[in-house]
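Novice: output the structure for:
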Amino acid sequence: MSQVPPPQDARLSMSEKAEYRETETIEEEVGFEKAAAQRIPQDEISDEQRKLEAKIIRKVDWRLIPILGILYAVSGLDRVNLSNARVAGMNEDLHFDIGHRYSIALLVFFVTYFLFELPTTLVLRPLTPKFLLNGLALSWGAVMLGMGFVNDWRLIVVCRMLIGVFEAGFLPCCMFLLSTWYQRFELQRRMALWYLINLFISAFGNILAYAIIKLDGVHGIEGWRWIFMHELSILAGAVTLGVAVIGYLTVIGFPDTMLATNKLQGFTQRELEIVLDRIERDRGDSQPDKLTWPKFLRHVANWELWVYGLMFLTCSAPIYAFAYFIQIILSTIVDSTAVVFLLCAPPYLFSIFWTVGCAWLADRLRFRMPWMVLNAAITLTGLLITAYSTNSGARYFGVFLGVSGCNANLPTIIAFQSNNVRSDSRRSVANGVQLLFASIGGIYASCTFMQKEYPSYRTGVWCAVATQFLLILLCALMFVHFKRRNKGADEKGEIIQEEENFRYTY
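Specialist: Numbering: from 1, shown residues only. Presented below is the predicted three-dimensional model:
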């Protein structure tokens, strides 16, 4: 890596100056050599250097995880508030109980989500994370404002399409950004911490929705409208604007770009060098390669990327199924709307602990496939118990299993893809392709949980179960494929993804 001159003290705050000098002192003590860092095997790094790197990564954690998690959680809350509004009375006021109107409103979101996901991901570098991610947040918050004043179910459909446009690239862009800051076996824990914010807000979003519909009739406004209008006060008003502004000030860009342009955003040049050296040591792609049309076509034709996408479909389908239909499922167990909303929270709260536990173990043990298979088994068991048990307590237990299994697999599957994709251009395409299947999973769930099968939704349940069997088969396929490619690299010197030391991980 090229040598970069030390930063000018005049451009740093007092705290940054002190932090830079401390980093420099530690490096002198441990003999850190930037140009050779990538050649040092991970297990030969000194304890002092590990402590230095850990300190820098903690700083990265605080700058990336909370703000991205909050932004994504807000988008997720917007995405599923249609189900809360339906239970709160929108069904009758806008006649969503006629034909397939509710399924159509769910479906159109994923059509635009699908169309705009890959293009949005590909423009992340040119537009920068600061502008793109926060601009998207402001845009979908503005659309949520309009949903509170709609009097025609067709306008709800239009709003849902617009939300799909603005939310499409947010998740893959976040995944792309995170992968440029962390080594392969640090990713899943960070993704899980980032995702647990979404699970936490999902848990209490239903309780909040119950509190909001108590405003039914206040100022002549129906309870379901207050769900969207309160969301407006959060998103378009105090919190959306506030989070977007905070995000604009705090969301950091790509480490290589920050270093090259000297726009350090609170880091020192030495810290950014260390971050990039860690990436180089881990997978040898710290410097971005420009995405060209020939590269794009070559990457998008790689069948491995589409398998990662199918894997993501297998977790997104049940996630959306539970997100959109959990209130309806629970309304068959208890009669009170209040209790339905309250019962929605515990499964998501429990899933937080399971998701973080799986992520910690997967990173520590450096295996992801066994956890993917285990969570698939947990999800399909939960789905079948929920669909076929006649005992209310057992059905509720099935919801716990299903929600926990599929949500724990989301960061696991994303980390699995990120671990096995090398180079900046390939990763940008891989994230876009993989997250395309999130929208396909949403379409799949919306179409298979049919209103005419209320309240059992047997077809939807079995279609969701089928995705879990598909995930198990895909894991077996990739295990055999990776084993063969790694063996060829070890015994015959075959090159994997342009890097002789790169190996697939299981």
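
Novice: and the strand or helix carrying Lys483, average pLDDT?
Specialist: In this structure, Lys483 is located in helix 458-492 according to DSSP states H and E. Average pLDDT, helix 458-492: 95.

Novice: who are the packing partners of it?
Specialist: Using 3 or more C-beta pairs under 8 Å, 6 or more residues apart in numbering; DSSP states H and E, the elements in contact with helix 458-492 are helix 303-331, helix 369-388, helix 424-448. Quick note: C-beta positions are derived from backbone N, CA and C, even for glycine.

Novice: who wins for proximity to Tyr454 among those?
Specialist: Closest to Tyr454 of the helices and strands packed on helix 458-492 is helix 303-331 (C-beta to C-beta; 7.0 Å).

Novice: please name the nearest non-neighbouring residue to Val461.
Specialist: The shortest distance from Val461 to any non-neighbouring residue, by C-beta to C-beta, 6 or more residues apart in numbering, is to Ala387 (4.1 Å).

Novice: what's the answer for Cys159, then?
Specialist: Met147 (4.8 Å).

Novice: since we're on that neighbour, how many residues are nearby?
Specialist: A count of neighbours around Met147, defined by other C-beta atoms under 10 Å, yields 26.

Novice: surely it and Val157 touch.
Specialist: No. Here Met147 lies out of contact with Val157, judged by C-beta atoms under 8 Å, at a distance of 10.7 Å.

Novice: and the pLDDT for Ile443?
Specialist: The model reports Ile443 with a pLDDT of 83.

Novice: what do you get for the one 10 residues further on?
Specialist: We note a pLDDT of 77 for Glu453 in this prediction.

Novice: ok, it touching Val461?
Specialist: No. Using C-beta under 8 Å, Glu453 is not in contact with Val461; the gap is 9.3 Å.

Novice: compare the two (neighbour count), which wins?
Specialist: Neighbours were counted for Glu453 and for Val461 using other C-beta under 10 Å; Val461 has more, 25 against 13.

Novice: over to stretch 414-429 now: how far is its first residue from its last?
Specialist: 13 Å (C-alpha to C-alpha, to the nearest Å).

Novice: mean confidence score for it?
Specialist: The average pLDDT within stretch 414-429 is 92.

Novice: so how far is that stretch from its chain's centroid?
Specialist: In terms of C-alpha atoms, centre = their mean, to the nearest Å, the centre of stretch 414-429 is set 14 Å apart from its chain centre.

Novice: now Gly309: how far from Leu342?
Specialist: 36 Å (C-beta to C-beta, to the nearest Å).

Novice: tell me which of those two has more neighbours.
Specialist: Gly309 (21 against 15).

Novice: the more buried one contacts Gln434, correct?
Specialist: Yes. Between Gly309 and Gln434 a contact is recorded at 4.8 Å, counting by C-beta under 8 Å.

Novice: in this protein, which helix or strand is least confident?
Specialist: The helix or strand with the lowest mean pLDDT-type score in the chain, counting by mean pLDDT, DSSP states H and E, is helix 14-30 (a mean of 46).

Novice: which helix or strand lies directly C-terminal to it?
Specialist: Scanning forward in sequence from helix 14-30 by DSSP H and E, the next helix or strand is helix 47-85.

Novice: for the spatially most central residue of the chain, what are its contacts?
Specialist: Of all residues in the chain, the one closest to the mean position by C-alpha atoms, centre = their mean is Leu171, 4.9 Å from it. Leu171 makes contact with Tyr72, Leu435, Ala438, according to C-beta atoms under 8 Å, 6 or more residues apart in numbering.

Novice: select from those the one having the most neighbours.
Specialist: Going by other C-beta under 10 Å, Leu435 tops the contacts of Leu171 with 30 neighbours.

Novice: and it, what is it in contact with?
Specialist: Per C-beta under 8 Å, 6+ apart, neighbours of Leu435: Glu117, Thr121, Leu171, Pro172, Met175, Gly309, Phe312.
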